[in-house]
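Trainee: build me a model from this:
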Amino acid sequence: MKNILLVEDNESLRIGLKEYLGRSGFNIHVAQNGQEALDMLEKNNFDLIVTDLIMPVMSGDQLIDKVLALNTFKGKIILLSALDSNVEIADALKKGVSQYLVKSKVSLKEIAAIVDQVINRNH
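Mentor: Residues are numbered from 1 along each chain as shown. Coordinates of the predicted model:
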């Protein structure tokens, strides 16, 4: 079973995504911000990180920078954000993010399908 770290500060979205992705056959771990996610990454191996961009304590952008700087994370990253900015999208993709999803443009079903596609794609 693939392990996914879901990093989202919005409680209702976090719960909905956890339940939906869990029903899709993934083992879901949750963090409410980037710092919690970093702490979890020290103790666990994840195949995929799905992270929000704007969060308290540590943003998704800061989390991605720190994860990539560690060079120990071998999984993939999906950025899930309310921001629909070509600049933000381009910056994320340049960093190595596999997908940038705009929350208002995707359903839980579509997110689950994209997660499945990204997590099962070979590097």
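
Trainee: show me what whatever helix or strand A92 lives in packs onto, helices and strands only.
Mentor: Per DSSP states H and E, A92 falls inside helix 86-95. With contacts defined as 3 or more CB pairs under 8 Å, 6 or more residues apart in numbering; DSSP states H and E, helix 86-95 has these neighbours: helix 60-70, strand 99-102. Placement of C-beta: from N, CA and C, glycine included.

Trainee: for it, buried residues please.
Mentor: Neighbour-count burial for helix 86-95, counted by 16 or more other CB atoms under 10 Å, picks out E88, I89, A92.

Trainee: same deal with stretch 54-65?
Mentor: Using 16+ other CB under 10 Å as the test for burial, stretch 54-65 gives M55, M58, S59, G60, D61, Q62, L63, I64.

Trainee: in contact with the fourth one, which residues?
Mentor: By that I understand G60. With contact set as CB atoms under 8 Å, 6 or more residues apart in numbering, G60 has these partners: V7, G34, T51, D52, L53, I54, L79, S81.
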